Structures are given as C-alpha cells and as structure tokens.
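[1] my questions are about this predicted structure, shown below with the sequence.
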Amino acid sequence: MNNVVILALIATLGTWFITALGAAVVIFFHSPSPKVLNFMLGFASGVMIAASFWSLLQPAIERIGEDSSVPDYVVATAGFLIGAMFIWCSDKIVTRARKRTDAVGRKNNQRINRIIMLTLSITLHNIPEGLAVGVAFGSLSRNSSSAEALLGAISVAIGIGLQNFPEGAAVSVPLRREGFSRRKSFIFGQASAMVEPVAGVLGALLVVYIEAILPYALSFAAGAMILVVVHELIPECQRSQNAQPYTATMGIISGFATMMLLDVMLS
C-alpha cells in the first residue's frame, strides 16, 4: 500500500516538474511558438479524453460490478458529475474573487491582483488533476499484478503532465509580458503545480484506505478531467483556428489515438 502512495508522489512530482519546464520557456525563449503550444494543448486534450474512459471510467464501472450493491450507472454517473461540479465550483469561486479583487484594487494593485488570480486559477485546476493521478496509482493496491492498471496510471500521469507544460507557460509568459523579471515569472509559473503532489498523495491514500470510494474516485477524476478539457484546453488551443485551422485539431486526434492504441493494445 505504501508503495502505491510513493508512486503517486513520484508521478505528481513529475507532473509538477513538467509544469516547471513549461514555465522555464520564459527563461530560454522570448515567446514560445503558438503553433507548438496549440498542438501540445490539443494532444494533451486527446490523451485526457481517452484516459478518462479507458483508464478511469471503464475500470470504475468494472470495480462497481465487483464490490457494490449500488447500480453501476448510478455510481459512475454520480462520481463523474461530482468531479465536473468540483471544477465548475472552483471556477465560480475564482471568478467571483477576481471581480472583487479588481474592484478593490483596480488602480494601485491591478498587476499584483492579476498575478494572484492567474496563478490561483491554474492552481485550483491542478488539484483535481493531482487527485486523478493519485487515484489512478492508488487503485494499483487492488490490481497490483495488472499491467493494464499500471499502464492506465502511467498514462493518466503522462497526459496530465503533457497538458501541464503549456499551463506553466500560460502563467509565466503573460507575467513576463507585463514586465516581471524572467526569474519571478518562472517562480509563479511553476508554483501553480506545487499543489499536485499534495493532492496526488491524498487521492492515493483515500483509495488505499477506503476501498469503497475507489469507483467514485475514478469517476470523479474522469469528470474533473473532461470538464477541464472541454472548458479550458480545447477552447484555448483553438484560439488561432483561423490562422492555423487544423493544428490543434490534429493534436487532439493524435493524442486520443495514441492513448487509445496504448490502452487497447495492452488490455
């Protein structure tokens, strides 16, 4: 049991590290290529959509059939909706806080407020992402001999890590454009993902010590990931659709196909 928690910690430290790499583009480059970022966001979206089903929802439904007297469709749907609602509520909280902060400090602290709210927004999104990784690795305590389960956990971590790279850049690059030093821009960019290892360990511990929560936790992670993809990643990578009509779209297709191939081939 302790092993899967350590694995969850290592995996989420990895996703944080990739965020730091994304934030580091502000140190080595004047501005990252929009085309490359759009493709990476699209690829991460495709990976996360595929992982949400094959690595989270499908195992959740199979687990429900083994351990629960509650109908599988109720558990899977409830967990999925709770995960999506968690992200929706966090966005509402951030939006309301941003409006209040802007109203209070519009003149003197506008730049500082913008930094805080930008970092907070991505930090809140990283909480369920860390939970998703932790839940995926925590489920290995029930399927320790399953190569498919291990692949699923790794793929979830890779998918979230890939989409963390542009997220790190999405914080550090705007800060740099507003006049902050490269060092400060990097620090704020990487800090947005420091919550992921904490959430990852918490998710793994919950699954390890509360077995009945596993199907809900897997479905929760899927709902959270799908909402992040649909509400944040896909609209962001499609901003340059007129100039680059298929860059992000091909990224989504490539990411989904890659994840589907790995899961189905090794299932």
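    Received, thanks.
[2] immediately after the helix or strand containing Glu167, which helix or strand?
    Counting by DSSP states H and E, the element that carries Glu167 is helix 147-177. As assigned by DSSP H and E, the chain's next helix or strand after helix 147-177 is helix 182-191.
[3] quick revisit: if you count neighbours, what's buried in the helix holding Glu167?
    149-176 (16 or more other Cβ atoms under 10 Å). Every C-beta, even on glycine, is put in place using the N, C-alpha and C of the backbone.
[4] would you map the helices across this protein?
    For the chain, the helices defined by DSSP state H cover 2-23, 25-28, 34-51, 58-67, 72-104, 110-138, 147-177, 182-191, 195-209, 214-228, 234-237, 247-265.
[5] quickly compare these and say which is most buried.
    Each of the helices of the chain was scored by mean neighbour count; the highest is helix 214-228, a mean of 27, by mean count of other Cβ atoms under 10 Å.
[6] next, the contact list for the nearest residue to Phe256 once chain neighbours are set aside, please.
    Nearest residue to Phe256 in three dimensions, chain neighbours excluded: Gly46, at 3.6 Å (Cβ to Cβ, 6 or more residues apart in numbering). Gly46 is in contact with Gly251, Ile252, Ile253, Ser254, Gly255, Phe256, Ala257, Thr258, Met259, counting by Cβ atoms under 8 Å, 6 or more residues apart in numbering.
[7] pLDDT below threshold where in the stretch 51-200 of the chain?
    65-68, 94-95, 97-121, 124-125, 142-148, 163, 170, 174, 177-178 (pLDDT under 70).
[8] with pLDDT and distance to Ile93 as new columns, can the contacts of Gly46 be given to me in CSV?
    Output for the contacts of Gly46, formatted as CSV (pLDDT from 0 to 100; distance: Cβ to Cβ, whole Å):
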residue, pLDDT, distance to Ile93
Gly251, 88, 30
Ile252, 90, 29
Ile253, 93, 34
Ser254, 90, 34
Gly255, 84, 29
Phe256, 89, 31
Ala257, 90, 36
Thr258, 82, 34
Met259, 76, 31
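[9] tell me the one of those nearest Arg239?
    Gly251 (13.3 Å; Cβ to Cβ).
[10] skipping its backbone neighbours, what lies nearest that closest one in space?
    Using Cβ to Cβ, 6+ apart, the nearest residue to Gly251 is Gly42, at 2.5 Å.
[11] quick one: that neighbour and Gly255 touch, right?
    Yes. Here Gly42 reaches Gly255: they are 6.7 Å apart, a contact under Cβ atoms under 8 Å.
[12] state the pLDDT value of the residue nearest to Gly251.
    Gly42 carries a pLDDT value of 83.
[13] tell me what the helix holding Glu167 is packed against?
    Applying 3 or more Cβ pairs under 8 Å, 6 or more residues apart in numbering; DSSP states H and E, we find helix 147-177 packed against helix 2-23, helix 25-28, helix 34-51, helix 110-138, helix 182-191, helix 247-265.
[14] how far away from the center of its chain is the third one?
    Okay, so that is helix 34-51. Remark: helix 34-51 is offset 12 Å from the chain centroid, using Cα atoms, centre = their mean, to the nearest Å.
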